[in-house]
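J.: Got a predicted structure plus its sequence, pasted below:
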Amino acid sequence: MPNTPVTEHPRERAILVGLPSPPEIPRSLVEEYLVELAFLADTAGADVVRTLIQERKLRDPAYCIGRGKVDELLEMTKEDQVDIVIFDDDLTPGQTRNLERALDCKVIDRTGLILQIFAIRAKSHQAKMQVELAQLEYLLPRLSGQWTHLSKQKGGIGTKGPGETQIETDRRLVRNRIASLKQKLRDVSLQHDTQTGSRRSVPRVALVGYTNAGKSTLMNQLCPDAGAYAEDRLFATLDTRTRRLELKINKLVLLSDTVGFIRKLPHTLVESFRSTLDEVLQADFLLHVVDLSHPGFEEQMQVVQSTLREIGVKHQHIIDVFNKIDALADPSVLRDLRARYPDAVFISAARGINLTALRECIAEHVGRDYSERRIRVHVADYKIIGYLYEHTEVTGRRCVDEEVELTYRVHKNRLKHIDALTGHSEEAGHAVADS
Ligand SMILES: Nc1nc2c(ncn2[C@@H]2O[C@H](COP(=O)(O)OP(=O)(O)OP(=O)(O)O)[C@@H](O)[C@H]2O)c(=O)[nH]1
Ligand SMILES: [Mg+2]
């Protein structure tokens with residue numbers, strides 16, 4: 001793991017806390033999750049000094065972990081001069097407050113940490129608005145939690161304590177800001193739709209995958225002018241970036257790189273990143289990039305699949321792209337995997353291994369959405385003839401008197417445009433058997 005900080009602030013010292021969740025999962029999995037949490041903490045600018053696993057199945061409603069463990073943690077935080085304790089599981093607002101008081105240091109849960117990273121990573125105006133929206137949605141119930149807590153403390157019938165009034169005001173402000181951000185994001189999304197409207201006729205392919213799988217590295221390899229930011233840290237990419245990828249003559253696709261997914265991706269983030277994820281929804285097919293060198297790559301694949309379902313991706317056109325084959329400790333593993341996933345493409349984006357096969361696979365998939373058509377137009381109908389030569393693959397040409405008969409292969413996304421263009425010819429009975 002590299003140690004270049006992503007923040008300007010001095011790095012903080014952190015303790016990680018893991019619990020089996022759901023309770024029946026084995027300890028080894030809890031440990032694996034903590035490795036990922038450490039990676040998240042590192043990305044957010046914290047050095048992990050210790051990790052602690054709570055074995056108990058029942059959660060303490062006040063502290064999440066048992067009271068004994070709270071005391072143990074307090075010792076550790078003092079001994080190691082810890083700035084922050086990070087829980088792999090979600091804490092209720094009350095638990096966070098109780099733990100902060102008991103441990104006398106910052107306490108944050110996994111969702112809070114991921115939101116923090118997104119906030120550091122967001123560069124574009126749109127990403128910043130999306131992250132702020134997610135953060136406010138996360139904050140809102142916490143403000144209300146605080147309110148309940150205070151009102152209970154104050155008690156008394158019909159009394160409105162000052163704390164409550166303040167929080168009510170805060171909640172109203174937060175709600176107003178949420179509404180305004182949602183409106184602004186809708187405007188951006190509309191603007192984006194108009195801008196991309198003209199590109200709709202070109203097949204679109206989106207890169208999806210677990211964070212750090214190598215999507216941006218692959219984008220840079222396939223489209224050398226892409227300049228996508230790739231780094232060995234989580235959530236390097238938050239904005240969608242789309243580039244032209246020329247597969248063959250007249251076989252152009254638009255390739256989009258987008259935000260990565262992670263286990264337990266906060267729902268507020270999925271919701272607020274909807275406009276960014278639109279590119280994934282509207283793609284003709286997806287390239288699912290998988291980091292094969294990761295021990296939990298199959299679980300990561302499932303996380304990606306369920307996140308895709310959550311954002312509403314229904315279509316089945318997904319090519320599994322197994323990346324980082326160069327980093328496999330045991331090359332014989334590759335043989336087994338090829339047998340298990342016969343349709344997957346095995347590559348190394350960083351080393352440029354097997355990218356020709358991947359391009360061919362993309363071309364073949366795109367090819368499935370093409371159909372062969374024939375048309376007969378007047379030889380001087382340059383508009384139609386020019387369009388077909390420029391945007392389709394003309395496979396045959398035959399002159400009949402004053403007319404020319406063209407056979408061409410066209411992508412389904414262009415059919416509507418061609419029909420609109422050639423409408424008059426078809427009406428005049430000049431279009432010949434479409435297939
Ligand atoms: N060994 C090896 N490393 C790779 C390969 N492809 C990418 N990487 C490394 O994996 C790390 C993550 O790559 P990115 O391209 O940023 O991954 P990403 O999927 O875009 O990640 P996010 O944007 O964070 O979701 C970088 O350090 C890359 O150099 C590969 O084929 N082999
Ligand atoms: Mg990326």
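T.: Alright, I've got the coordinates. Ligands and ions are numbered 1, 2, ... in the order given.
J.: Quick one: name the residues of the stretch 301-435 of the chain near ligand 1.
T.: Listed as neighbours of ligand 1 in the stretch 301-435 of the chain under the rule C-beta under 6 Å from any ligand atom: Asn323, Lys324, Asp326, Ala327, Ser348, Ala349, Ala350, Arg351. Placement of C-beta: from N, CA and C, glycine included.
J.: Give me the distance between the nearest residue to the fifth one once chain neighbours are set aside and Leu292.
T.: Using C-beta to C-beta, 6 or more residues apart in numbering and skipping the chain neighbours, the partner closest in space to Ser348 is Asp326 (4.1 Å). Asp326 is 10 Å from Leu292, where distance means C-beta to C-beta, to the nearest Å.
J.: More neighbours: these two, which one.
T.: The residue with more neighbours, out of Asp326 and Leu292, is Leu292; 24 against 15, by other C-beta atoms under 10 Å.
J.: For the more buried one, give me its contacts.
T.: Phe322, Asn323, Lys324, Ile325, Ala327, Leu328, Leu337, Phe346 (C-beta atoms under 8 Å, 6 or more residues apart in numbering).
J.: Tell me the strands beside the helix or strand hosting Thr242, with direction?
T.: Element membership for Thr242 (DSSP states H and E) is strand 241-248. Strands flanking strand 241-248 in the sheet, each with its direction: strand 251-257 (antiparallel) (DSSP bridges).
J.: hang on, the residue nearest to Ser348 packs against Ile353?
T.: Yes. Taking C-beta atoms under 8 Å as the definition, Asp326 is a contact partner of Ile353 at 6.4 Å.
J.: any low-confidence regions in the stretch 251-400 of the chain?
T.: Along the stretch 251-400 of the chain, segments meeting pLDDT under 70 span 315.
J.: what do you get for the stretch 51-200 of the chain?
T.: 144-165, 192-200.
J.: Need the phi and psi values for Glu393.
T.: Note on Glu393: backbone dihedrals following degrees, to the nearest 10 are phi -100, psi 110.
J.: Spatially, what comes nearest to it if we skip its sequence neighbours?
T.: Arg409 (4.3 Å).
J.: Using CSV, write down the CA coordinates of the helix or strand harbouring the one you found.
T.: Arg409 belongs to strand 403-411 when assigned by DSSP H and E. C-alpha atoms of strand 403-411 as CSV (Å, rounded to 0.1, in the frame of the first residue of the first chain):
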residue,chain,number,x,y,z
GLU,A,403,-30.3,4.3,-59.0
VAL,A,404,-27.8,2.7,-56.7
GLU,A,405,-28.5,-0.3,-54.5
LEU,A,406,-26.5,-0.3,-51.3
THR,A,407,-26.2,-3.2,-48.8
TYR,A,408,-25.0,-2.0,-45.4
ARG,A,409,-24.5,-3.2,-41.9
VAL,A,410,-25.9,-0.9,-39.3
HIS,A,411,-26.1,-0.8,-35.5
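J.: So which residues on the stretch 151-300 of the chain come close to ligand 1?
T.: Counting by C-beta under 6 Å from any ligand atom, the stretch 151-300 of the chain sits next to ligand 1 at 209, 211-217, 230-232, 234-237, 260.
J.: hmm, back to that, and the two most separated of the contacts of Leu292?
T.: Ala327 and Leu337 (13.6 Å; C-beta to C-beta).
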